[in-house]
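Visitor: Below: sequence and its predicted model.
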Amino acid sequence: MSTPISRRMFTLGLAAGAGALALPSHAQAHARTTGRAELFFAETTLWDSAVDPLASYHVHALAVLPDDTILACTEGRHEVCDAGPHDLLVRRSTDRGETWSPTQTVAQAVNGEIWANPTFVVDHVTGEVFLFHNLCEQLPGNTSCSADSSTVYVISSTDGGATWGERRSLAGIFDHFPYNWAMHGPGPGHGIQLRSGRLLLTVGHRTVITGVPAVERNYGASTVYSDDHGRTWLSGGEIPLGGGLPAVGEARLVERADGTVVVNSRPGSGNDWPRDTAVSADGGLTWSKPRMDFSPGLFNGVDTGLIRYTGGPHSSEVDRVLFSWPDAPMRWNMTVAVSYDEGHTFRYRRSISPIRGYYSDLARLSDGTIVLLYGCDGDLDGSPRRVAVARFNLEWLTQGRDSLATGPALTEHTHDLGRHAKHATVSGGTVTVVEEATARDGARAAFAPGATGDFIEYTFVVPWGGWHELWLRSYRSADGGLVTVTVDGRTPRNSTLDLTAFRGDGYDVVLLGKMALRPGRHTIRFRSAGAGRGGGRAIGLDQLSLVRAPHPADVREEVTVDNGGLGFQVTGTWPSSRGIRGYYGFNYLTHAKGDGTSVARWRPALPGEDRYEVLVSYSADPNRATNATYVVHHADGVTPVAVNQRERGMPDARTGEWVSIGTYRFRPGLDGYVELSDAADGVVIADAVRFRREPPR
């Protein structure tokens, strides 16, 4: 039977306040009275390496104090290097971000010290704010831009950041861990205060790097906490390492409505990655195994912002979580999104800036104003030119689809596909219930079909008749298979999924479609349609959600296959390059003109039969081929299209310069693909291919 997603439904009339430990402001009361707030956005540059004295300003922390004082901290880098001399710099605003104090140096590299990883933790009971950071060191002979070891320190302020107390060392606090950790990096960004009053932050770890291979460095993370308002700090539990799990790194924390704490982490660097998540049921003392979270998409390994915006434990408010990240495979297109289901999906999103975007952090003022601190601008992949602070309201973020005065007018009803698998109908093969904290209800179903065509079918109950969005949370794994979905024998718009994982196993969410359903019992069937792009056939299922909302979610109806990504293959030798801009993602591949024996192939997993515009990206240059021929294999045949790769395409905020090579009908699944060979009159570039679906008629 169906179960509700949480303790409450999200409906009109639910007003959002200032959070668990803050009182509603006059502005919120005014918004409730007038019914709608005006859309608001403003931005200020806090540091700019083209104007200010230091070479770079990178890695940030952000906090809002109980009186709405805003504190922003950054590493002021004397060199563009992680291990060069760093100061820690703070600016503060006492008028809600309208004006900012001059830069205050709270840790200075007098003798080349490497002060790093600023992380604020605010005690909303006492008003004291703590600034964690580390002092890094390099071993003799280390000529890289990475340090070997560090000691964590903390300072605090009781006057809103105007002055700071004596620096305290937390040396030795991690010595009991059995991983030979020497490097300890707080946050960065901010920690949180739990409903219980506990102060909690994350710390990333690894061994020294000098003389230690990357695979032996034991990258991981743990927590530090205080239950006495910061008088003493203790080490919490580590997020499990090993066993093929992704390495957890720079991370953010959120306390969910049920009291569990989720850590959302960067798992890698370079290229594009999903996020890592792990869950703690005891306030950060122990953690579940981390799993990948594909729901925000694949994007560059980077530190992101994540905050509880409204709701939470013992709250009657709408549960909202905000997330900030560069929504692109590289560090471009800073974006903020809002979640109404505790961060499992992010329904509405908006680009803050289409230019380069780097590390970010989020906070909120008592009237609901959202504060975003982020690095932006510049020509370097790893270091911004500017650090900016943006301020905007929920109405601006959602483009009027949600308001603190009225709420999102959204309801969600869920059916657990994990534990309910034991009541499902299985035509062949086996099904196992896997207990896992990162599943929405603590368990997922692992269906191993015996043959293509085998299915698992669930009965679910619809409480209200009418149109519903059907969202599926599935589990992707290296041995994931191709699956087709039907509801009461009908095919939703997105009916075919490849559950093969990329970079690690974890959870993904897809909008199956919008369907008219009567109240009562219905069925949903998941049928094995063959092997996925990794050759496996496993089908992992977590949750079915039925959502009713007056506004559509922000969903891109396109599939992009990048060189090196899932669905990309080559024959022959195609060297990697990043020398000429205009490419999508981390790099592109090149091949000199040849005889056609070297071929690149892009094979997408298309969710439904339809017409798709095919677009190709490449970096244009005078030495490129004028007749690079893309061969489109579609449902109605094979179509070759010659492209002049000396001519630039249309730039996109999510990187790449794109040229359309036509619109074609494709069947769902893995039938369609695009090929490109070296048979041309110049250098051939194999970068990315995008399949953009036509909107429904």
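Guide: Now that the structure is in, tell me what you want to look at.
Visitor: okay, and for the stretch 551-697 of the chain, where does confidence drop off?
Guide: Scanning the stretch 551-697 of the chain with the threshold set as pLDDT under 70 gives no residue ranges.
Visitor: which residues touch residue 486?
Guide: With contacts taken as Cβ atoms under 8 Å, 6 or more residues apart in numbering, residue 486 has the following neighbours: 492, 495, 524-525, 527. Placement of C-beta: from N, CA and C, glycine included.
Visitor: For it, report the pLDDT, please.
Guide: Listed pLDDT for residue 486 reads 98.
Visitor: in a strand, that's where residue 630 is, yeah?
Guide: Yes. With DSSP: H, G, I helix; E, B strand; the rest coil as the criterion, residue 630 is part of a strand.
Visitor: Centroid-nearest residue for the chain?
Guide: residue 296 (4.7 Å; Cα atoms, centre = their mean).
Visitor: nearest residue to the spatially most distant residue from the centre of the chain other than its sequence neighbours?
Guide: Residue farthest from the centre of the chain, counting by Cα atoms, centre = their mean, is residue 595 at 42.1 Å. For residue 595, the nearest residue in space outside its immediate sequence neighbours is residue 679; the separation is 6.4 Å by Cβ to Cβ, 6 or more residues apart in numbering.
Visitor: Now for the closest residue in space to residue 548 that isn't next to it in sequence, how many residues are close by?
Guide: Closest residue to residue 548 in three dimensions, ignoring its sequence neighbours and counting by Cβ to Cβ, 6+ apart: residue 411, at 4.8 Å. For residue 411, the count of nearby residues is 20 (other Cβ atoms under 10 Å).
Visitor: Isn't residue 411 up against residue 547?
Guide: Yes. With contact defined as Cβ atoms under 8 Å, residue 411 and residue 547 form a contacting pair (7.2 Å).
Visitor: Just grab the bridge partners of the closest residue to residue 563 other than its chain neighbours for me.
Guide: Nearest residue to residue 563 in three dimensions, chain neighbours excluded: residue 589, at 5.0 Å (Cβ to Cβ, 6+ apart). Counting by DSSP bridges, residue 589 forms beta bridges with residue 576, residue 686.
Visitor: out of the contacts of residue 486, which are inside strands?
Guide: Applying DSSP state E to these, the entries found in strands are 524-525, 527.
Visitor: mind listing the strands for the stretch 251-400 of the chain?
Guide: In the stretch 251-400 of the chain, the segments counted as strands under DSSP state E, counting those that start in this stretch are 251-255, 261-265, 272-273, 275-280, 291-293, 299-300, 305-310, 320-326, 332-339, 348-364, 370-376, 386-392.
Visitor: quick one, which of the ones you listed is nearest to residue 434?
Guide: Between residue 434 and these, the tightest spacing by Cβ to Cβ is seen for strand 291-293, at 11.0 Å.
Visitor: strand partners of the closest one, parallel vs antiparallel please.
Guide: In the sheet containing strand 291-293, the strands it pairs with under DSSP bridges are strand 275-280 (antiparallel), strand 506-517 (parallel).
Visitor: pLDDT (mean, whole number) over the longest one?
Guide: Per-region confidence: strand 506-517 scores 98 on mean pLDDT.
Visitor: for the shortest one, same thing?
Guide: Over the span of strand 275-280, the pLDDT mean works out to 96.
Visitor: can you state the direction angle for it and strand 320-326?
Guide: 150 degrees (axes from the mean of the first three to the mean of the last three Cα atoms, to 10 degrees).
Visitor: just the longest one next, same as before
Guide: Orientation note: strand 506-517 sits at an angle of 120 degrees relative to strand 320-326 (the same axes, to 10 degrees).
Visitor: what comes up buried for strand 506-517?
Guide: Within strand 506-517, the residues that qualify as buried by neighbour count (16 or more other Cβ atoms under 10 Å) are 506-513, 515, 517.
Visitor: now these in a markdown table, with distance to residue 393?
Guide: Formatted as a markdown table, those follow (distance: Cβ to Cβ, whole Å):
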| residue | distance to residue 393 |
| --- | --- |
| 506 | 33 |
| 507 | 31 |
| 508 | 31 |
| 509 | 26 |
| 510 | 30 |
| 511 | 26 |
| 512 | 32 |
| 513 | 32 |
| 515 | 33 |
| 517 | 35 |
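Visitor: that older thread, tell me who's in contact with the residue nearest to residue 563.
Guide: 563, 570, 574-577, 600, 685-687.
Visitor: out of these, which are buried?
Guide: The buried subset of the contacts of residue 589 (16+ other Cβ under 10 Å) comprises 563, 570, 574, 600, 685-687.
Visitor: which of the ones in strands among the contacts of residue 486 tops the neighbour count?
Guide: Using other Cβ under 10 Å as the neighbour criterion, residue 524 leads these with 22 neighbours.
Visitor: Would you mind measuring from that one to residue 417?
Guide: For residue 524, the distance to residue 417 (Cβ to Cβ, to the nearest Å) stands at 9 Å.
Visitor: what residues do the two have in common as contacts?
Guide: 458, 544.
Visitor: Let me have the strands paired with strand 291-293 in CSV, adding distance to residue 263 as columns.
Guide: Conversion of these to CSV gives the following (distance: least, Cβ to Cβ, whole Å):
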stretch, distance to residue 263
strand 275-280, 5
strand 506-517, 14
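Visitor: so residue 521 sits right up against residue 460, yeah?
Guide: Yes. Assessed by Cβ under 8 Å, residue 521 is found in contact with residue 460 at 7.5 Å.
Visitor: who's more crowded, these two?
Guide: Of the pair residue 521 and residue 460, residue 460 is the one with more neighbours under other Cβ under 10 Å, namely 22 against 12.
Visitor: Am I right that that one is in a strand?
Guide: Yes. Using three-state DSSP, the assignment for residue 460 is a strand.
Visitor: Could you verify my assumption that it touches residue 544?
Guide: Yes. At 6.1 Å, residue 460 counts as touching residue 544 under the criterion of Cβ under 8 Å.
Visitor: joint contacts of the two?
Guide: Looking at what touches both residue 460 and residue 544 (by Cβ under 8 Å, 6+ apart), the common residues are 415, 524.
Visitor: And stretch 196-212, end to end?
Guide: Counting by Cα to Cα, to the nearest Å, the length from the leading to the trailing residue of stretch 196-212 is 41 Å.
Visitor: actually stretch 609-625, not the one I typed
Guide: Chord length of stretch 609-625, first to last residue, is 33 Å (Cα to Cα).
Visitor: Which residues are in contact with residue 494?
Guide: Residues in contact with residue 494 (Cβ under 8 Å, 6+ apart) are 510-513, 607-608.
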